[in-house]
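Enquirer: Here is the input, now give the coordinates:
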Amino acid sequence: MENYYDPNPLWPIKSQHDVRGTALRFQHHRNIWNDITNTFLYEGKLEKLESTDVGKRERNTNAIASVITIPIGNNFNVIPALRLDFTGNNRFQPTVDLRITYNNLKNSEIEYHYGTGFRYPTFNDLYWQPGGNPNLTPENSRYQIIKYKLYLNDKYLNNIYFNVGDRSTNDLIQWVPLDESFFVWQPQNISSSRRKNFTIGSQINLENLPLQIALHATYQKTKDIDLDKPLFYSPEYIGYAGIVYSSSIIQISLNAHYTGERIASYGNPKDELLPSYILINASLQYQLPIFGNQFSLMLDVNNVLDRQFESIDDYPELGRTIRFGLKYMLTNK
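Expert: Predicted coordinates:
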């Protein structure tokens, strides 16, 4: 249950929103013949919204999927997948994925993906007030990805990887300003768009210290094909660096996320840009056996430096947030 009180002293508005969701997931894995395996998945969701602004809304979705792994010799794996999404009005949407892996290269492997994608509009996209758009249609996309991973010193936990991706989307859902005042935003379908990206990264596990290090950087180009302009809120550069210290009783992690400049609105002669930012997060987990059972203490701190930043223009994101948890797990003996 959420309550919102408008701070406007001239015309204050109180609104109430009750959002509920129920999900059921079933997965079955079996061997079909020789080394050929199949994984079957069923997923059902029921979403309900009751609001003083938009009334009662409900959506029931179901999906079934099948993934088959077919080894060819010792070097190739061919992994086709099919998924069917159903909505309450008996409409269904098929999507496919094909993954091929080859691991006969010295200390390395290469992987190719081809597939299609599908995404429903969210309740916020459809019904947010003001600005929701109940006339949105689902996104449909197709993609290709090539991945190459080089293992270092014959250590499979230490590697450098390169990924190249290309995704074309029809009816991409994106929030845009309705007019030049920018006071009201609304999600709209972009008829045709494209994203291309290149990622380089590395995963390192040190032998002398219980440390794991992960790094990656992504360069991406996006385009609204009809306007021949980059997409809103899509940075050209994204980066990540993280380190984890692990022992038998304690785990400490520290990571930094970089998001580059993004276009907030198109302009003439210059587009309006949101500035880049770096977020630093930290976590600690301490485990201790007590009376033969497992006691855990967990502490997460997001945005450690309390940076002010915006993912969408004029909508500031949270500052520093701290979460603390305790868990006591009984073990059978």
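Enquirer: where along the stretch 1-150 of the chain do the helices fall?
Expert: In the stretch 1-150 of the chain, the segments counted as helices under DSSP state H, counting those that start in this stretch are 123-127.
Enquirer: where does it dip in pLDDT?
Expert: 1-15, 88-90 (pLDDT under 70).
Enquirer: got the residue ranges for the strands in it?
Expert: In the stretch 1-150 of the chain, the strands defined using DSSP state E, counting those that start in this stretch lie at 2-5, 14-33, 36-51, 55-72, 76-87, 92-102, 108-119, 139-152.
Enquirer: Make JSON lines out of those and add mean neighbour count and distance to I213.
Expert: (Each C-beta comes from the backbone N, C-alpha and C, glycine too.) Below are the strands of the stretch 1-150 of the chain laid out as JSON lines (neighbours: other Cβ atoms under 10 Å; distance: least, Cβ to Cβ, whole Å):
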{"stretch": "strand 2-5", "mean neighbour count": "10", "distance to I213": "40"}
{"stretch": "strand 14-33", "mean neighbour count": "11", "distance to I213": "32"}
{"stretch": "strand 36-51", "mean neighbour count": "15", "distance to I213": "32"}
{"stretch": "strand 55-72", "mean neighbour count": "15", "distance to I213": "31"}
{"stretch": "strand 76-87", "mean neighbour count": "16", "distance to I213": "28"}
{"stretch": "strand 92-102", "mean neighbour count": "15", "distance to I213": "25"}
{"stretch": "strand 108-119", "mean neighbour count": "16", "distance to I213": "20"}
{"stretch": "strand 139-152", "mean neighbour count": "16", "distance to I213": "12"}
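Enquirer: Apart from its neighbours in sequence, what residue is nearest the residue positioned nearest the centre of the chain?
Expert: Residue closest to the average C-alpha location in the chain (Cα atoms, centre = their mean): R119, at 12.6 Å. Using Cβ to Cβ, 6 or more residues apart in numbering and skipping the chain neighbours, the partner closest in space to R119 is E139 (4.4 Å).
Enquirer: go on, V184?
Expert: Sequence neighbours aside, L178 is the residue nearest to V184 in space, at 4.8 Å (criterion: Cβ to Cβ, 6+ apart).
Enquirer: OK, contacts around the one you found?
Expert: Contacts here follow Cβ atoms under 8 Å, 6 or more residues apart in numbering; on that basis L178 touches 131, 184-186.
Enquirer: what's the closest of the residues you listed to N103?
Expert: W185 (46.9 Å; Cβ to Cβ).
Enquirer: tell me the angle of the longest strand anywhere in the chain relative to strand 108-119?
Expert: In the chain, assigned by DSSP state E, the strand with the most residues is strand 155-177. On the basis of axes from the mean of the first three to the mean of the last three Cα atoms, to 10 degrees, strand 155-177 is oriented at 30 degrees to strand 108-119.
Enquirer: and after strand 155-177, which helix or strand comes next?
Expert: strand 185-205 (DSSP states H and E).
Enquirer: Parallel or antiparallel, list what pairs with that next one.
Expert: Within its sheet, strand 185-205 is paired with strand 155-177 (antiparallel), strand 211-224 (antiparallel), according to DSSP bridges.
Enquirer: For it, buried residues please.
Expert: 185-190, 193-195, 197, 199, 201, 203-205 (16 or more other Cβ atoms under 10 Å).
Enquirer: Ok, stretch 151-167 next?
Expert: 151, 158-161, 163, 165, 167.
Enquirer: so can I have JSON lines of the residues you listed showing pLDDT and distance to I70?
Expert: Formatted as JSON lines, the buried residues of stretch 151-167 follow (pLDDT from 0 to 100; distance: Cβ to Cβ, whole Å):
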{"residue": "Y151", "pLDDT": "88", "distance to I70": "24"}
{"residue": "N158", "pLDDT": "89", "distance to I70": "29"}
{"residue": "N159", "pLDDT": "91", "distance to I70": "25"}
{"residue": "I160", "pLDDT": "94", "distance to I70": "28"}
{"residue": "Y161", "pLDDT": "95", "distance to I70": "24"}
{"residue": "N163", "pLDDT": "97", "distance to I70": "23"}
{"residue": "G165", "pLDDT": "97", "distance to I70": "24"}
{"residue": "R167", "pLDDT": "96", "distance to I70": "25"}
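Enquirer: and the residues you listed, which two are the farthest apart?
Expert: Maximum distance among the buried residues of stretch 151-167 (Cβ to Cβ): 29.6 Å, for N158 and R167.
Enquirer: The host helix or strand of I263 - contacts with which helices or strands?
Expert: Assessed by DSSP H and E, I263 sits inside strand 262-265. Using 3 or more Cβ pairs under 8 Å, 6 or more residues apart in numbering; DSSP states H and E as the contact test, the elements touching strand 262-265 are strand 272-274.
Enquirer: For V244, name its beta-bridge partners.
Expert: Bridge pairing for V244 - DSSP bridges - gives Q212, S253.
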